[in-house]
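> What follows is a protein structure lacking sequence information:
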């Protein structure tokens, strides 16, 4: 006799002849008590792409590494790993990335270590044990996420004061992109969103907003995941009139500095020339003013 899929539990009972009806009732009573055992630490797992995660099941019965057969499968009927008489067999695409931890077998604990998880690993996993009396320990739900990358921003002038603003980022699962103006007004309805899938199954989003720039303004695009973690980028456009006056002031300041430097250089040059003309030559000697003085000196 087999009792299977009673609630969330799977109970297998094997009996010889005679007392089948009484044992059947016993199986149903046991299943009602142990339906969907929650003895394992968690059944919901939230992992980050490229990190490691360990899924755990508590079978509520002692496991023998050498005699019991254990299998981990996804609910999509994809085999992950089988352990038969202590020998593991791993199936693609999990080969080289998963390991069945057997340290907890004496207490009925089965653990699957998954390395370098990817978005494709997201799903629901079950643990099956080939024993005459076995309670299905429930399902492990694995959700692999990829945090959204820093937003890359670009803008393109379309002429006439019109600009196209672009925000680009990648992550998983899909998250909304919200545009706001400098005064906090929501501009998302005027934005255009384009999505694509990367080689790692991440979602790449490009959000475009067309704006008309006539005065000082700013625009911000923000992407927020389901945990409330945000990435954003801001476009700042200064006031054109103020910017023009600022540039004119800088040009005037540069010209003024140039004139001052030129005047100082010219003044220094003139001073140097006047000093040279006033100094007597080093090779000349003073001649006596009177012949008598010359004779007296002799």
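Cool, the structure landed. Note that the coordinates shown come from a computational prediction; the quantities given were computed from them, not determined experimentally. Numbering: from 1, shown residues only.
> Could you give the number of residues near the nearest residue to residue 150 once chain neighbours are set aside?
Counting by C-beta to C-beta, 6 or more residues apart in numbering, residue 150 lies nearest to residue 231, which is 5.8 Å off, once chain neighbours are set aside. (C-beta placed from N, C-alpha, C; glycine too.) By the other C-beta atoms under 10 Å criterion, the neighbourhood of residue 231 contains 19 residues.
> got a list of what residue 231 touches?
Taking C-beta atoms under 8 Å, 6 or more residues apart in numbering, we find residue 231 in contact with 148, 149, 150, 151, 169, 222, 223.
> So what pairs up with it in the strands?
residue 223 (DSSP bridges).
> Please apply the same query to the one 5 residues further on.
Applying DSSP bridges to residue 236 gives these bridge partners: residue 218.
> on that earlier part again, list buried members of the contacts of residue 231 by neighbour count.
Neighbour-count burial (16 or more other C-beta atoms under 10 Å) applied to the contacts of residue 231 gives 148, 151, 169, 222, 223.
> Which pLDDT value does the model give the spatially most central residue of the chain?
Closest to where the C-alpha atoms of the chain average out (C-alpha atoms, centre = their mean) is residue 147, at 3.5 Å. Turning to residue 147, the model gives it a pLDDT of 96.
> From residue 114, how far off is the residue nearest to residue 150?
Using C-beta to C-beta, to the nearest Å, residue 231 is found at 27 Å from residue 114.
> just to revisit the earlier point, make sure the residue nearest to the centre of the chain is actually in contact with residue 48.
Yes: counting by C-beta atoms under 8 Å, residue 147 touches residue 48, with 6.8 Å between them.
> Show me where the stretch 51-200 of the chain has its helices.
Assigned by DSSP state H, counting those that start in this stretch, the stretch 51-200 of the chain shows no helices.
> And the contacts of residue 231, which two are furthest apart?
Greatest spatial distance among those (C-beta to C-beta): 149 and 222, at 13.7 Å.
> Relative to the whole chain's centre, how far out is stretch 118-125?
On the basis of C-alpha atoms, centre = their mean, to the nearest Å, stretch 118-125 sits 18 Å off its chain's mean C-alpha point.
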